[in-house]
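below: sequence and its predicted model.
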Amino acid sequence: MVQDPFLSDPVLANAAGYPYDITEHSFTFVAGEAAPFDAALTQGRRPVIGYGSNQSPLRLRQKYGSEHAPIPVQRAWLADHDVVFSAHFSSYGSLPAALRHVPGTRVAVAVNWLSDIELAVMHPTEVDNYHFARLVGLELELDDGRVLDEAFAYLSFRGHVGDGERPYALREIAAENRTLPELGQLEALTLMRDRIAPGTDVHDFVLAHIRDAGVRRERVSRLENAALPVAHAPHDVLDT
């Protein structure tokens, strides 16, 4: 029996596994692992919306390692938004997430309560494709019942991947009243193969932009040129 490389090859599995192990409950990220949530730790920290892999303990571990201060990660629902695909490929092969203003849709997100030190670690992992911004006029309902009207997020400036005038939502991210068509990560990678390099084996297609930064830049340029414009709630872009 021939194994699927997206299951057997760790590099390809990492690409196709995005957005990884999103939990259904709040947690405190401690020593590289998810521990019980401690609301007291949120004091003095900024609420940064994690809507793609930044909700995942696995991805946080890749960014922060195991030697870090405890980071509270709190489940929430964000009104009038959905999570779609940004028009770029990550260095690890995935087609990553982007936050999009979509009136009437409510999407499941996490709030990463970050200190300035933790933001300094997060910024370099995001700034090639996202602006760090303060969003205002939100309805961000935390799982403890509090509602925030302001929070921070990394907003894609590459554009959003779609078909016609509608971007594709990430199937892996839960949403209520979703009106956009959905794709899973592997479906999205396959569709990008069809658009950029039809006839190429999808495994080889993904490995090419993982292994070769020049190939990745060329493909990102093609995605960006064909992308739908971003749509964001009122926000201020902040210095990073």
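Looks like it came in fine.

what bridges to Leu183?
For Leu183, the beta-bridge partners are Leu170 (DSSP bridges).

which residues touch it?
Neighbouring residues of Leu183 by C-beta atoms under 8 Å, 6 or more residues apart in numbering: Phe85, Tyr168, Ala169, Leu170, Arg171, Leu191. For every residue, glycine as well, the C-beta is placed using N, CA and C.

top of those residues by neighbour count?
Tallying neighbours with other C-beta atoms under 10 Å puts Phe85 at the head of these, with 29 neighbours.

gap between Ser66 and Val220?
31 Å (C-beta to C-beta, to the nearest Å).

those two: who's more crowded?
Using other C-beta under 10 Å as the criterion, Ser66 and Val220 rank with Val220 on top: 19 against 10.

for the more buried one, which three-state class applies?
With DSSP: H, G, I helix; E, B strand; the rest coil as the basis, Val220 sits in helix.

quick one: which of the contacts of Leu183 is nearest to Leu238?
Phe85 (24.0 Å; C-beta to C-beta).

which SSE is that closest one in?
Assigned by DSSP states H and E, Phe85 belongs to strand 71-85.

just checking, what packs against that strand?
Judged by 3 or more C-beta pairs under 8 Å, 6 or more residues apart in numbering; DSSP states H and E, strand 71-85 is in contact with strand 27-30, strand 46-50, helix 57-64, strand 97-114, strand 130-142, strand 169-170, strand 175-176.
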